[in-house]
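[1] Next input, structure requested:
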Amino acid sequence: MGDDKDDCHCEDSHAKSNGAGRVRFSMPEQALCFLAGANSIFTGEKLLTTPNNDFDADQLMFKMLGLIPKAPSFDDVAKNYAAEHCEEAISSSG
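    Residues are numbered from 1 along each chain as shown. Below is the predicted model of the structure:
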């Protein structure tokens with residue numbers, strides 16, 4: 001959300017976001033979120049009405065935590081969405 005640096009997925013095909021409100025969390029608190037299963041964050045200056053963490057600070061946090069950000073793959077998201085919703089449409093139509 002915001003800029004062209006939208007979502008940084010660390011792994012897994014389903015996003016479990018360490019999302020809005022991170023600006024209030026310290027780096028150790030955010031690290032705990034990743035240890036608990038969060039695998040993505042939202043970047044950009046603002047998330048609708050909520051201020052967001054600085055992109056460079058997030059990059060530094062990733063480096064310090066040994067996380068390697070992965071560029072978003074909108075093709076994968078679209079394919080997964082289409083596959084899930086096509087199955088739902090077929091099963092509910094008959």
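
[2] And the helix or strand harbouring L60, what does it pack against?
    Using DSSP states H and E, L60 falls within helix 55-65. Applying 3 or more Cβ pairs under 8 Å, 6 or more residues apart in numbering; DSSP states H and E, we find helix 55-65 packed against helix 27-35. Quick note: C-beta positions are derived from backbone N, CA and C, even for glycine.

[3] can you map out the strands along the protein?
    Chain-ordered strands for the chain, with DSSP state E as the definition, fall at 7-9, 40-42, 46-47, 50-51.

[4] Just name the most buried of the ones you listed.
    Greatest average neighbour count among those goes to strand 40-42 (a mean of 23), per mean count of other Cβ atoms under 10 Å.

[5] any idea how far the spatially closest residue to M61 that is not a sequence neighbour is from K70?
    Taking Cβ to Cβ, 6 or more residues apart in numbering, and ignoring the residues beside it in sequence, M61 has M27 as its nearest neighbour in space, at 5.5 Å. According to Cβ to Cβ, to the nearest Å, M27 and K70 sit 20 Å apart.

[6] now swap in L47 and tell me
    Plainly put, L47 is 20 Å away from K70 if you go by Cβ to Cβ.

[7] next one: L60
    In terms of Cβ to Cβ, L60 sits 17 Å off from K70.
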